[in-house]
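J.: I would like the atomic coordinates for the input below:
(one chain, ligands or ions: 1)
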Amino acid sequence: MRNTPAPSAVSVAGLRRHYGATEALRGVTFDVDAGQIFGLLGPNGAGKTTALECILGLRQPDGGVIHIHGLDLRTHAAQAKLLTGAQLQGAALQDKITPRQALELFGAFYADPCPAGELLGQFDLEAKADLPFATLSGGQRQRLFLALALVNRPTLLVLDEPTAGLDPQARRTLRSMIRELQAEGRTVLLSTHDLEEAGQLCDQLAILDQGRIIATAPPAELIAGAQAPSRLTVRTAPPLARAVIEALPGVLATTHTGDTWTLDAQSPNRLLAELVQRAGEAGAELLAIELRRPSLEDVFLELTGRPWAGAAEPGDAS
Ligand code: ATP
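T.: Numbers count the residues shown, from 1 in each chain. Presented below is the predicted three-dimensional model:
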């Protein structure tokens, strides 16, 4: 007997959806393997929320097919929903409800809910369990929404921009909680317009732009395929002479301002070693040196011809 491979956790094929004249999704296709953290990365307005809402059965697509663990949403939406937990953008609760009450209320909709106490512990909400929702910080609210998404013990979690608007510390906490959910064996499909988050958190990315998927691969693979060179910026005292810079191997382009040289190179290892040696020979002291490798920002620019317009959250160095 031949083994049939397990179906993808989520399979989306040819998904289309318009709002009036706006074509939000123009034939979107991707597959999320079970156990992955899969990121739908795109700038504002790319269609991420629309795609996730279709996958959650909250919006009716104009065309295309969605399967959740092999269940066709057109015919088995109710069963698919039992496998899925969701955290939506702009989620809200009544001001006076407490985290414990909210978890118990949501749990009452299911036959075998995860106990509120367990979720409060898992998401570090015990100290806030009996305080009104209105008194929770942004990070605590997001953790509560994540806990609510788990009330029905889903195997698949769909999270729409789970860390948007949070401060760097709260974002780090939430990301590590998402990693823990994966370690427990769950699949996570999330949307983000945060390039750093996409690169750090996701096993697989689909880049969505203007309603189309323009690339799908692990982040490292996308970056390895970028044409952009590495960029080395070096500041010395005294500044390095042009003759020294021109003698360096493998330099593709140079710019110079004050005591700082910026050098583009395809393979920076050898360049860096030579640079340090030549600076020593010239009696120049290294004041600052920085190497910038190609990034997802370069990948987006190369794929679309447009700079990344997704607004980065200010102050995040996580
Ligand atoms: P963001 O990161 O800003 O939330 P997104 O990638 O999630 O953006 P969507 O919210 O899916 O993108 O929007 C895709 C396109 O569809 C946008 O042009 C948006 O203005 C439009 N759109 C979304 N919802 C509606 C709606 N209810 N009515 C009309 N147009 C809509």
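
J.: residue 86 and residue 149 touch, don't they?
T.: Yes - using Cβ atoms under 8 Å, residue 86 is in contact with residue 149, at 5.6 Å. (Glycine included, C-beta is placed from N, CA and C.)

J.: okay, and the common contacts of these two?
T.: Counting by Cβ atoms under 8 Å, 6 or more residues apart in numbering, the contacts common to residue 86 and residue 149 are 157, 158, 159.

J.: tell me the contacts of residue 288?
T.: Going by Cβ under 8 Å, 6+ apart, the list of residues near residue 288 reads 233, 234, 235, 260.

J.: of those, closest to residue 115?
T.: residue 233 (54.0 Å; Cβ to Cβ).

J.: that closest one should be in a strand, yeah?
T.: Yes - counting by DSSP: H, G, I helix; E, B strand; the rest coil, residue 233 is found in a strand.

J.: so what sits opposite it in the bridge?
T.: Listed by DSSP bridges, the beta-bridge partners for residue 233 are residue 262, residue 290.

J.: and what of residue 257?
T.: Beta-bridge pairing of residue 257 under DSSP bridges involves residue 260.

J.: count the neighbours of it for me.
T.: By the criterion of other Cβ atoms under 10 Å, residue 257 has 9 neighbours.

J.: model confidence for it, exactly?
T.: Reading off the confidence values, residue 257 has pLDDT 91.

J.: contact residues of the protein facing the ligand?
T.: Contact residues (Cβ under 6 Å from any ligand atom) of the chain with the ligand: 19, 22, 24, 42, 44, 45, 46, 47, 48, 49, 50, 193.

J.: can you read off the pLDDT for the second one?
T.: If I follow you right, that is residue 22. Per-residue confidence (pLDDT) for residue 22: 95.

J.: again, but for residue 311
T.: 39.

J.: swap in residue 164?
T.: 88.

J.: check the gap between it and residue 190 for me.
T.: 11 Å (Cβ to Cβ, to the nearest Å).

J.: quick one: which of the two has more around it?
T.: For residue 164 and residue 190, the more surrounded residue by other Cβ under 10 Å is residue 190, and the numbers stand at 24 against 18.

J.: residue 123 touches residue 178, doesn't it?
T.: No - the criterion here is Cβ under 8 Å, and residue 123 misses it with residue 178 at 11.2 Å.

J.: so what sits against both of those two?
T.: residue 146.

J.: between the contacts of residue 288, which is closest to residue 211?
T.: residue 233 (37.3 Å).

J.: what is the neighbour count of that closest one?
T.: Residue 233, neighbours per other Cβ under 10 Å, totals 14.

J.: all strands of this structure, in order?
T.: With DSSP state E, the ranges of strands along the chain come out as 10-19, 22-32, 37-41, 63-68, 71-72, 84-87, 156-160, 187-192, 204-209, 212-217, 230-237, 251-257, 260-265, 285-292.

J.: what's the most buried one of these?
T.: Across those, averaging neighbours per residue (mean count of other Cβ atoms under 10 Å) puts strand 37-41 on top, at a mean of 26.

J.: run the chain-centre distance for that one.
T.: In terms of Cα atoms, centre = their mean, to the nearest Å, the centre of strand 37-41 is found 5 Å from the chain centre.

J.: please list the residues outside that strand that contact it.
T.: 10, 30, 32, 48, 51-52, 178-179, 182, 187-193, 195, 197-198, 201-208, 296.

J.: now do stretch 48-68
T.: 7-18, 24-25, 27-28, 40, 42, 72-74, 77, 80-81, 83-84, 86, 88-89, 156, 158, 160-161, 189, 191-193, 208.

J.: can we see that at 7 Å?
T.: Outside stretch 48-68, the residues within contact range by Cβ atoms under 7 Å, 6 or more residues apart in numbering are 7, 10-18, 24-25, 28, 40, 42, 72-73, 77, 80-81, 83-84, 86, 89, 156, 158, 160, 191, 208.

J.: over to stretch 144-153?
T.: 82, 85-87, 91, 99, 102-103, 106-107, 110, 112-114, 119, 122-123, 125, 136, 157, 177.

J.: now with 8 Å?
T.: The contact list for stretch 144-153, computed with Cβ under 8 Å, 6+ apart, reads 82, 85-87, 91, 93, 99, 102-103, 106-107, 109-110, 112-114, 119-120, 122-123, 125, 133, 136, 157-159, 162, 174, 177-178, 181.
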